[in-house]
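> After the sequence you'll find the predicted model.
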Amino acid sequence: MATTGTSQMPPSQTPLPPLVEPAAELTRAEVARYSRHLIIPDIGMTGQRRLKNARVLVIGAGGLGSPALLYLAAAGVGTLGIVEFDDVEESNLQRQVIHGQSDVGRSKAASARDSIAEINPFVTVELHEHRLEADHAVALFERYDLIVDGTDNFATRYLVNDAAVLARKPYVWGSIYRFEGQASVFWEDAPDGRGLNYRDLYPQAPPPGTVPSCAEGGVLGILCASVGSIMGTEAVKLITGVGQTLLGRLMMYDALAMEYRTIRIRKDPEAEPITELVDYEAFCGIVADEGATTTGSEIDAAELGRLLDAGEPIALIDVREPVEWDIVHIDGATLIPLGELVSGEALAALPQDRPTVLYCKTGIRSAEALAVLRRAGFADARHLRGGIMEWARQTDPSMPVY
């Protein structure tokens, strides 16, 4: 991380110029709707007309995208693009406030569009219901003024960054995990030599499995509102050219301590220029470990069920955390959290006289655990494809899922 740490705010800087030219006019209905903006001297009619003329692309209509979309729509951003390919699940509703109970099973993009229409009918919504990929990202970004990145995995974050650099677009970034959040603004082509991109903060992605996703590690739902609204605020400031943005600063929020802290980010002088998009899964190490690619490394839920029903001697190891075990677990399993396997402290507790089957929530952590076991000499070990979620779907639909 190329930063200089300080808990103090940076020295005053010249505000960035407005990102968007103002629209021709506001209608009488728009004046009534946005009146509380119009009487703020720094926004006024001109600022609101800039918002009306703005085109903002939001990547993801999930935890961070939800509040950002809602408030950008309410603020009067004229066109909102949404990149989202998932459907709404019940577990989303704890934090993804743009969706409701009646939206479960629907496209998240369509659900978000309908919520935006209820908030502000003057906003045009453009849906991109596909996964963001390298072959179309730059062209898509070039259609918008500003990108808001609400993604939850490192491969997509680096793709967003590099595509934004190539498209010469600024973007607002945020990240959340459990009780903590981060946010910043990146813009390689920012004026006055202030250009930065995500790789100046994180030159390399962390090793796979070391930073769990929210699905694996959890997140306080209301944290999304805190960080997502900051992202929306930064977008409004960039569009209108008011205030000091988070360009060159990383904001960190600790909800448990109720503390906000910012540190300076500096340009990495050794960073290679971004000239093309790459294989981001390979860059982030999201390639199957040799232990997980060996023939016979996986077992599906149906086969595991047959082995357990037949009383076959296997060591069934749950590598999740104790709080997850308390929610649901497979009968006959032994809880050994992944961290205890990675550290080596629990390897001696594993039986070596019978096959081992590992499982977690979705198969991500168990694949990592399998690689650890293979390196330690446990040749007769496999992991459950799809984890306990797939077990519940195929074998025991009465199980609670989370």
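Perfect, I can see it now.
> which intervals of this structure have sub-threshold pLDDT?
The chain contains residues with pLDDT under 70 at 1-13, 208-210, 286-295.
> domains of it?
Listed domain ranges for the chain are 3-19+54-283, 290-394 (source: automatic domain parsing).
> would you turn those domains into JSON lines with mean neighbour count and distance to Ile40?
Glycine gets a C-beta too; all of them are placed from N, C-alpha and C. Putting the domains of the chain into JSON lines (neighbours: other CB atoms under 10 Å; distance: least, CB to CB, whole Å) gives the following:
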{"stretch": "domain 3-19+54-283", "mean neighbour count": "19", "distance to Ile40": "9"}
{"stretch": "domain 290-394", "mean neighbour count": "18", "distance to Ile40": "45"}
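> of all the ones you listed, which lies closest to Ala29?
Nearest to Ala29, of all those, is domain 3-19+54-283, at 7.7 Å by CB to CB.
> from the middle of its chain, how far away would stretch 32-46 be?
Distance of stretch 32-46 from the chain centroid (CA atoms, centre = their mean, to the nearest Å) equals 32 Å.
> Let me have that stretch in PDB, keeping just the CA atoms, if that works.
Provided in PDB are the C-alpha atoms of stretch 32-46 (Å, rounded to 0.1, in the frame of the first residue of the first chain):
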ATOM      1  CA  ALA A  32     -39.900  21.800  -6.600                       C
ATOM      2  CA  ARG A  33     -38.300  18.400  -6.200                       C
ATOM      3  CA  TYR A  34     -34.700  19.600  -5.700                       C
ATOM      4  CA  SER A  35     -35.500  22.800  -3.800                       C
ATOM      5  CA  ARG A  36     -33.300  21.800  -0.800                       C
ATOM      6  CA  HIS A  37     -30.400  21.500  -3.100                       C
ATOM      7  CA  LEU A  38     -31.100  24.700  -5.000                       C
ATOM      8  CA  ILE A  39     -30.900  26.800  -1.900                       C
ATOM      9  CA  ILE A  40     -27.400  25.500  -1.000                       C
ATOM     10  CA  PRO A  41     -25.100  28.200  -2.500                       C
ATOM     11  CA  ASP A  42     -22.400  25.600  -3.500                       C
ATOM     12  CA  ILE A  43     -25.000  23.600  -5.500                       C
ATOM     13  CA  GLY A  44     -27.700  26.000  -6.700                       C
ATOM     14  CA  MET A  45     -29.300  25.800 -10.100                       C
ATOM     15  CA  THR A  46     -26.100  25.200 -11.900                       C
END
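> quick one: contacts of it?
Contact with stretch 32-46 is made by 22, 26, 31, 47-48, 51, 75-76, 120, 122, 240, 242-243, as judged by CB atoms under 8 Å, 6 or more residues apart in numbering.
> rewinding a little: turn the domains of the chain into TSV, including distance to Pro41.
Conversion of the domains of the chain to TSV gives the following (distance: least, CB to CB, whole Å):
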stretch	distance to Pro41
domain 3-19+54-283	10
domain 290-394	50
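> Which one of the ones you listed lies nearest to Pro400?
Closest approach to Pro400 among those (CB to CB): domain 290-394, 5.1 Å.
> circling back: give the single residue among the contacts of stretch 32-46 positioned nearest to Ile176.
The closest of those to Ile176 turns out to be Ala75 (CB to CB; 21.5 Å).
> Relative to Ile364, how far out is the closest one?
Using CB to CB, to the nearest Å, one gets 37 Å for the distance from Ala75 to Ile364.
> quick one on the thing from earlier: which one of the contacts of stretch 32-46 is nearest Met389?
For these, the nearest to Met389 is Asn120 (36.5 Å; CB to CB).
> for Gly193, phi and psi?
With angles defined as degrees, to the nearest 10, Gly193 sits at phi 70, psi 20.
> so which two of the contacts of stretch 32-46 are the farthest from each other?
Greatest spacing in the contacts of stretch 32-46, by CB to CB: Phe122 and Gly243 (24.4 Å).
> Let me know whether Ala301 touches Gly387 as I believe.
No. Using CB atoms under 8 Å, Ala301 is not in contact with Gly387; the gap is 9.2 Å.
> show me what contacts Thr156?
Neighbouring residues of Thr156 by CB under 8 Å, 6+ apart: 59, 132, 280.
> how about those residues in a markdown table, adding secondary structure and distance to Ile327?
Listed next are these as a markdown table, based on DSSP: H, G, I helix; E, B strand; the rest coil; distance: CB to CB, whole Å:
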| residue | secondary structure | distance to Ile327 |
| --- | --- | --- |
| Ile59 | strand | 30 |
| Leu132 | coil | 31 |
| Tyr280 | helix | 32 |
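> ok, of those residues, which one's closest to Tyr171?
The closest of the contacts of Thr156, once distances to Tyr171 are taken by CB to CB, is Ile59, at 8.7 Å.
> quick one: the closest one from Ile263, how far?
For Ile59 relative to Ile263 (CB to CB), the value is 24 Å.
> could you pull out the strands for the stretch 51-200 of the chain?
55-59, 79-83, 124-128, 146-149, 171-177, 180-186 (DSSP state E, counting those that start in this stretch).
> Return the list of helices and strands in contact with the last one.
The contact analysis (3 or more CB pairs under 8 Å, 6 or more residues apart in numbering; DSSP states H and E) places strand 180-186 against strand 171-177, helix 198-201, helix 221-240, strand 249-254.
> And the closest residue to Pro170 other than its chain neighbours, how close does it get to Leu127?
Nearest residue to Pro170 in three dimensions, chain neighbours excluded: Trp187, at 3.6 Å (CB to CB, 6 or more residues apart in numbering). Separation of Trp187 from Leu127 (CB to CB) stands at 26 Å.
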